[in-house]
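Undergrad: coordinates for the following, if possible.
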Amino acid sequence: MARAGVRVLRRQREEVYIDYSMIFIILFLLAFGLVMIYSTSTYWANLKVGGDSSYYFRHQFGAVLGGIAAMMFMSYFPYGLLRKLSFPLYATSVVLLFLTPIIGIKLNGAKRWIKIPGIGLTIQPAEIAKIAVIVFMASIILKLQKLLLTPKGYGVAVGFPAFLALLIRACTKNLSSAIIVMAIAIVMLFVATPGYKRYVVAALSVLGFAIVLVLIIVNAGKGGGGFRSERVLAWLDPQAHASGKGFQTLQALYAIGSGGTFGKGLGESMQKMGFIPEAQNDMIFSIICEELGLFGAIAVMLMFLLLIWRLMIIANNAPDMFGALLVIGVMAHIAIQVVLNIAVVTNTIPNTGITLPFISYGGSAVITQLAELGVALNVGRNIGR
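TA: Sure, this is the predicted structure:
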């Protein structure tokens with residue numbers, strides 16, 4: 001009887017919490033993303049990649065498999081060790097960003113990728129920086145703790161991600177990734193520190209600065225010179241800049257409008273026929289709206305909301321503060337990127353290069369995002385231990 005009781009206790013201890021609903025959501029988004037990439041990219045691939053209509057699909061499928069492997073590995077890797085690896089990961093990210101302008105390769109007019117010798121794979125250091133800032137901020141928040149309530153301690157905590165964001169902007173010319181890295185850090189600090197006054201003041205200050213900047217650009221007529229100025233003007237009036245920076249946004253809006261309630265049908269998009277160049281990237285949400293309509297767009301957004309909700313549940317029940325902060329960082333990353341991508345496609349904010357997680361084409365992005373979710377699943381497995 002005693003031995004039987006010990007066996008029952010051992011079985012109870014070995015039981016782990018596995019969030020099957022979150023796994024289903026992840027797999028659904030990945031499968032849906034592959035379908036949409038194939039549907040969206042076949043025409044463009046035929047034109048640009050020697051008639052290989054499945055080029056983008058095959059490359060993304062390989063990245064998805066690699067990402068699933070990374071997710072499985074990270075779901076069993078002792079996440080407590082990440083605290084010890086936080087600074088090496090941060091330093092590695094800094095080194096890769098410094099190397100990008102030196103040894104990086106140029107794709108689509110931007111030098112943002114590094115090719116790994118021997119295997120022919122490319123990595124995007126800005127994507128690695130996103131997971132690095134999550135791990136590093138979780139570690140430094142625990143290290144500073146009460147010092148975060150002081151201006152000096154808070155300044156130190158903000159300084160590290162700010163430096164990383166500045167490097168991304170300077171070395172890769174990728175403003176959107178720099179904004180995302182900084183936003184992830186701010187969300188994590190917001191959750192970890194009491195008092196909302198500083199965040200309200202900061203948000204109002206940023207909003208005020210943005211309004212003043214837009215007014216200056218508008219008054220300058222032609223934007224006062226510069227790529228960013230042209231994008232702001234195109235955002236305010238895409239029709240007036242239809243032959244320039246407003247072209248992509250205008251075509252995306254045509255796609256959204258023509259989709260109606262239930263869409264034209266999968267594979268029936270007209271805007272992907274060269275009107276939206278490389279629509280499988282940042283503008284894939286507009287093709288979803290065109291082919292699957294408002295119904296499909298809402299369904300995708302609901303799946304992302306469910307994913308964020310499941311991450312919130314894991315964070316609220318995490319066995320320790322470090323695990324909770326890691327999941328909050330992952331949740332912030334996905335939520336910020338989804339909101340910004342949809343805002344860009346619908347012309348709510350000026351056009352900038354932000355992909356839709358798990359759905360847009362991009363190997364480095366999907367691998368790092370799935371690795372982050374592996375960390376979240378890992379924290380979930382330790383609930384109740």
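Undergrad: the closest residue to Leu326 other than its chain neighbours: which element?
TA: Excluding the flanking residues, the one nearest Leu326 by C-beta to C-beta, 6 or more residues apart in numbering is Ala138, at 5.0 Å. C-beta: built from backbone N, CA, C; applies to glycine. Per DSSP states H and E, Ala138 falls inside helix 125-144.
Undergrad: helices or strands up against that helix?
TA: If you count contacts as 3 or more C-beta pairs under 8 Å, 6 or more residues apart in numbering; DSSP states H and E, helix 125-144 packs onto helix 81-103, strand 110-115, helix 151-172, helix 175-192, helix 321-345, helix 363-381.
Undergrad: least confident of these, on average?
TA: Note on the helices and strands packed on helix 125-144: strand 110-115 shows the lowest mean pLDDT, a mean of 82.
Undergrad: look up how far Ile354 lies from the residue nearest in space to the middle of the chain.
TA: Closest residue to the average C-alpha location of the chain: Gln337 at 4.4 Å, with C-alpha atoms, centre = their mean. Per C-beta to C-beta, to the nearest Å, Gln337 is found 6 Å from Ile354.
Undergrad: cool, Leu253 as well?
TA: As it turns out, when the distance is counted by C-beta to C-beta, Leu253 lies 17 Å from Ile354.
Undergrad: the more surrounded of those two?
TA: Ile354 (26 against 19; other C-beta atoms under 10 Å).
Undergrad: what's stretch 193-204 in contact with?
TA: 148-149, 154, 186, 190 (C-beta atoms under 8 Å, 6 or more residues apart in numbering).
Undergrad: identify each buried residue in the longest helix anywhere in the chain, please.
TA: For the chain, the longest helix by residue count, based on DSSP state H, is helix 284-316. For helix 284-316, the neighbour count (16 or more other C-beta atoms under 10 Å) marks 284-293, 296-297, 300, 303-304, 306-308, 310-311, 313-315 as buried.
Undergrad: equivalent analysis for stretch 237-247, please.
TA: By neighbour count, and taking 16+ other C-beta under 10 Å as the criterion, the buried residues in stretch 237-247 are 238, 241, 245-247.
Undergrad: just those now: which is nearest Leu47?
TA: Phe247 (17.6 Å; C-beta to C-beta).
Undergrad: these two touch, right, Leu294 and Thr261?
TA: Yes: distance between Leu294 and Thr261: 5.1 Å, which falls inside the contact criterion (C-beta atoms under 8 Å).
Undergrad: re the thing from before, so which of the buried residues of stretch 237-247 are in strands?
TA: Where those are compared with strands, as defined by DSSP state E, there is no overlap at all.
Undergrad: ramachandran coordinates for Pro277?
TA: Recorded main-chain torsions at Pro277 are phi -60, psi 130, according to degrees, to the nearest 10.
Undergrad: quick check: domain ranges of the chain?
TA: 19-76+226-385, 80-194 (automatic domain parsing).
Undergrad: tell me the most buried of those domains?
TA: Using mean count of other C-beta atoms under 10 Å, the stretch among the domains of the chain with the largest mean neighbour count is domain 19-76+226-385, at a mean of 20.
Undergrad: and that domain, how far from the chain's centre?
TA: How far domain 19-76+226-385 lies from its chain's middle: 8 Å, per C-alpha atoms, centre = their mean, to the nearest Å.
Undergrad: ok, back up a step: nearest spatial neighbour of the residue nearest to the centre of the chain, skipping sequence neighbours?
TA: The shortest distance from Gln337 to any residue other than its chain neighbours is 5.4 Å, reached at Pro357 (C-beta to C-beta, 6+ apart).
Undergrad: now Phe190
TA: Beyond its immediate neighbours in the sequence, the residue positioned closest to Phe190 (C-beta to C-beta, 6+ apart) is Tyr199, lying 5.6 Å away.
Undergrad: do Met301 as well
TA: Ile342 (7.4 Å).
Undergrad: then Phe304?
TA: Val338 (5.0 Å).
Undergrad: do Gly66 as well
TA: Ile367 (5.4 Å).
Undergrad: could you measure that neighbour against Val16, distance?
TA: 25 Å.
Undergrad: what's the answer for Ser269, then?
TA: 43 Å.
Undergrad: same thing with Leu85?
TA: As for Leu85, its distance to Val16 is 23 Å (criterion: C-beta to C-beta).
Undergrad: same thing with Phe247?
TA: Relative to Val16, and taking C-beta to C-beta, Phe247 is found at 51 Å.
Undergrad: ok, Tyr55 - contacts?
TA: With contact set as C-beta under 8 Å, 6+ apart, Tyr55 has these partners: 41, 45, 49.
Undergrad: now do the one helix or strand the first one maps to, average pLDDT.
TA: Assigned by DSSP H and E, Ser41 belongs to helix 20-48. Within the predicted structure, the mean pLDDT of helix 20-48 is 93.
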